[in-house]
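Participant: Sequence and predicted model, in that order:
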Amino acid sequence: MMIPRLKAIAAVAAIAGALFATPAGAITIVNPSFETPIEGAGGYQYQPTGAGWTFSAGAGIGGTGSPWFAGNPPDGTQAAFMQATGDWSATISQDLTGFTIGDSYSVTFYVAKRPGSAFADPVQVLLGGTSLGNYLPSTTDFVQETTASLVATATDMTLTFTDQGTVSGDIDSAIDDISINESSVLPEPASILLLGAGLVGLHSLRRRKAAL
């Protein structure tokens, strides 16, 4: 039989485990790999509609064999591109819902630079208007990146990718296979200790009352 103190410790461990648990991601991104059929010469289309995303001028979707990336995308046969110059930027965005206020979120995606270009522009990722970092594509192959985390302060936030156009000339980037990662914000260790002390004290009080 488990002695009372061990029962109290087990109860603390169970509650702490629940507090530290990491829930499955609940944020749904529409068309995260940009597989919506496109129209256009050369296997790409600027500002396509019905893709689930909002494309600014200079942004769109390209397929395998288009000039925006080399080889095959990591998921499917299409990827999004952002064509920027030194004078203006291109953006791709989507309004997302289902965030839990107080939980922490990051973004995972693949990025590649345009073949034949000696330069690359950093891709900035924003969630709810807050920058999660800048990611400079170093190769024409798609490379996976994961952003810094953001603690949600709203249930609805906009996810935005911006090719910042920091280099003069036609410098382009492609992105694909985007996902949102969610984790609970961990409670302070002092909170766990206080909870444990409270439970142990409550159990001791119950024992003393039962002995009277």
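Facilitator: Noted; the coordinates are in hand.
Participant: dump the residue contacts of the residue nearest to the spatial centre of the chain.
Facilitator: With distances taken as Cα atoms, centre = their mean, residue 107 lies nearest the centre of the chain, 1.6 Å away. By Cβ atoms under 8 Å, 6 or more residues apart in numbering, the residues touching residue 107 are 125, 127, 132, 146-147, 159, 178-181. (C-beta placed from N, C-alpha, C; glycine too.)
Participant: Residue 46 now?
Facilitator: So residue 46 contacts 40, 55, 57-60 (Cβ under 8 Å, 6+ apart).
Participant: Let's see that with 7 Å instead.
Facilitator: Listed by Cβ atoms under 7 Å, 6 or more residues apart in numbering, the contact partners of residue 46 are residue 60.
Participant: Would you mind naming the residues that bridge with it?
Facilitator: residue 60 (DSSP bridges).
Participant: Measure how buried residue 80 is and give me the count.
Facilitator: 27 (other Cβ atoms under 10 Å).
Participant: can you tell me which residues contact it?
Facilitator: Residue 80 touches 34, 59, 61, 92, 174-176, counting by Cβ under 7 Å, 6+ apart.
Participant: What residues are bridge-paired with it?
Facilitator: Under the criterion used (DSSP bridges), residue 80 bridges to residue 61, residue 175.
Participant: just the strands in this protein please.
Facilitator: 44-46, 54-55, 59-63, 78-84, 90-97, 104-113, 123-127, 130-135, 143-146, 150-151, 156-163, 171-183 (DSSP state E).
Participant: Same list (those) but as a markdown table, adding distance to residue 26 and mean pLDDT.
Facilitator: Compiled in a markdown table, those are given as follows (distance: least, Cβ to Cβ, whole Å; pLDDT from 0 to 100):
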| stretch | distance to residue 26 | mean pLDDT |
| --- | --- | --- |
| strand 44-46 | 31 | 95 |
| strand 54-55 | 22 | 98 |
| strand 59-63 | 26 | 95 |
| strand 78-84 | 23 | 92 |
| strand 90-97 | 10 | 97 |
| strand 104-113 | 10 | 97 |
| strand 123-127 | 15 | 97 |
| strand 130-135 | 19 | 97 |
| strand 143-146 | 18 | 97 |
| strand 150-151 | 16 | 98 |
| strand 156-163 | 13 | 96 |
| strand 171-183 | 7 | 94 |
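Participant: Would you format those as TSV with distance to residue 72 included?
Facilitator: Converted to TSV, the strands of the chain look like this (distance: least, Cβ to Cβ, whole Å):
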stretch	distance to residue 72
strand 44-46	15
strand 54-55	22
strand 59-63	10
strand 78-84	9
strand 90-97	20
strand 104-113	11
strand 123-127	20
strand 130-135	21
strand 143-146	14
strand 150-151	31
strand 156-163	20
strand 171-183	10
